[in-house]
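In: sequence and predicted structure below; questions after.
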Amino acid sequence: MKTEKVLDIIKKLSLNRAPSGLEKQRGETFKEAIESIINKKGFRIKNDALGNYYLKIKGKNAKQKIAILAHLDEIGGTIRKIKDNGRLEFSKRGGYEARWLISKEIQILNTEGKWIKGVICGRSTHSTPEKLRVKEKIDVYDLEIYVGAETEEAIKNTYKLHVGAPFVFSGQVDLLNSDYNEDIIKGFSMDNLAALTSLIVLTDMIMNDLINGYNSSKINADLYIVATTREEIGTEGAFYFIKNHPVDKVIGIDIGIVENAPGTVHSNLSLNKGPVIVWQEARGKGILDYNYCKELMMVAEMTNIEYQNGVFEYYGSDAGKAQKWLGIPAVLIGVPTMFSHNVPELSSLNQISNTAKLLLNYLKSL
C-alpha cells in the first residue's frame, strides 16, 4: 500500500474521537476501511457487546486460531466537578502525567453529542512568583478547565455539560513537515491510531496475498482481525473478546516507545529503524512469550525486514494481559512512536507499513 494511502487511512480514523468506553464512531470508520478491503470477498466484519470490531478469516485445514489485536481508544479525561465560577475539575481517563497539561486545548462531549472546546488553565508567568514557577510536581487535581462560562448554571444549561462528561485532547493528524519529510506524522492519539492503521494495512495484505478462491486463507490457522475497546483503562475489550472467542495465540499491535530524554528508562529505539518486538512490559510483570517473540525475530531476519527489540517498563498492552491473565501465548509488536501519552505524539508511515509486512511474513511462515 502506498504511503499516501496509509496517511489517508490514519487521518480518516482520527476524525472520529475515541475516549475509552466511547469508541463506536472510530470503530465504524475502522469497519468501513475493512469493508472496502474485503469487498465482494465473502467476509463480514462484526462487533460485540463491549464494542470490539472483528473479522474472522478461516484457514485451510486450520489447526490453530490466532487473534491479531489493535485498540481503538485514546487517552483523555472525565469531568469530575462543576464549580460555581464555571470552571471544571477533572479526572484522567487512561494514564498520563499532569506536567504537560497546562494550556492544552481539549474537547468535551456534551449531552447533545457536540464537542465543546476548552482550555486547561495555567497561571500566567506575569502573575506567578519565582518560588511557584520552579514547582515541578503538578497534579491533575490542581488543574481546572475553562470553556468560556462564568457560572455553574451556564455550564449545565448553555453548554450542556455534566459531571461524567468525557473529553479528549485537541489537535490534528498530519505530516510533521510535508515539504521536507513524507514519513513522520504528528498528532493526538498516535497511540493507537498508528497501530490501528497497521492492522488495516495488514488486512489489505492478507486479502491480496493469502486468500484463495474459496474465501479462506492459504495458511493453516483461523485468523481474527480485532479492533479492541477500553485498552487504555485496563484492556477490557481484548479480555472480553478472547474469553468469548478462545484462541491459541495472540498478536498485539501497539506503539513502540522511542525515548532518549535524560532520566528516562528506555531501550534506545529509533523512529525509523523498524518495528519493535516487545519482550517484556509492566516493570517485569508482563512477560511476552519468549519463543513466539523469537519466531518473529527470525522471520524478520529471513525476510530482510529491519526490526528492533524492546523492553518497556511503564507500559501495558492487550497482548501482555492475554499472556498474563488468560495464559495464552502472546507477542507484541510496536510501531515506533515518540512522546507517547503526550500531545502531540510522533510516528512513522513507513514503520506502520513495515509492521504489517513483518506480520504478513510471519503468517506466511505458518
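Out: Cool, got the structure.

In: please count neighbours and contacts with C-alpha atoms only from this point.
Out: Will do.

In: list the contacts of L360.
Out: By CA atoms under 8 Å, 6 or more residues apart in numbering, L360 lies in contact with 202, 205-206.

In: can I get those residues in JSON lines including distance to E144 and secondary structure?
Out: What follows is the contacts of L360, written out as JSON lines (distance: CA to CA, whole Å; DSSP: H, G, I helix; E, B strand; the rest coil):
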{"residue": "L202", "distance to E144": "42", "secondary structure": "helix"}
{"residue": "M205", "distance to E144": "46", "secondary structure": "helix"}
{"residue": "I206", "distance to E144": "47", "secondary structure": "helix"}
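
In: most surrounded residue in the residues you listed?
Out: For those, the largest neighbour count, defined by other CA atoms under 10 Å, is 24 neighbours, found at L202.

In: hmm, back to that, which one of the contacts of L360 is nearest to S20?
Out: Comparing the contacts of L360 against S20 with CA to CA picks out L202 as the nearest, at 24.1 Å.

In: name the helices or strands packed onto the worst-scoring helix or strand of the chain on mean pLDDT?
Out: Within the chain, no helix or strand scores below helix 130-133, which has a mean of 75 by mean pLDDT, DSSP states H and E. Here helix 130-133 touches no other helix or strand, going by 3 or more CA pairs under 8 Å, 6 or more residues apart in numbering; DSSP states H and E.

In: buried ones in the strand or helix carrying L193?
Out: L193 belongs to helix 190-209 when assigned by DSSP states H and E. Of the residues in helix 190-209, 190-207 count as buried by neighbour count, 16 or more other CA atoms under 10 Å.

In: ok, and what's touching stretch 295-306?
Out: Under the contact criterion CA under 8 Å, 6+ apart, stretch 295-306 has outside partners 273-275, 277, 307, 354, 358-359, 361-362, 365.

In: the residues you listed in strands, which ones?
Out: Counted as lying in strands by DSSP state E, out of these, are I277.

In: which of the contacts of stretch 295-306 scores worst on pLDDT?
Out: Within those, the minimum per-residue pLDDT falls on S365 (94).

In: what is the burial count for that residue?
Out: For S365, using other CA under 10 Å, the count is 11.

In: go on, V6?
Out: The burial count for V6: 19, using other CA under 10 Å.

In: that one sits in which helix or strand?
Out: Here V6, judged by DSSP H and E, is contained in helix 3-14.

In: and the next element down the chain from that helix?
Out: Next element after helix 3-14 (DSSP H and E): helix 24-37.
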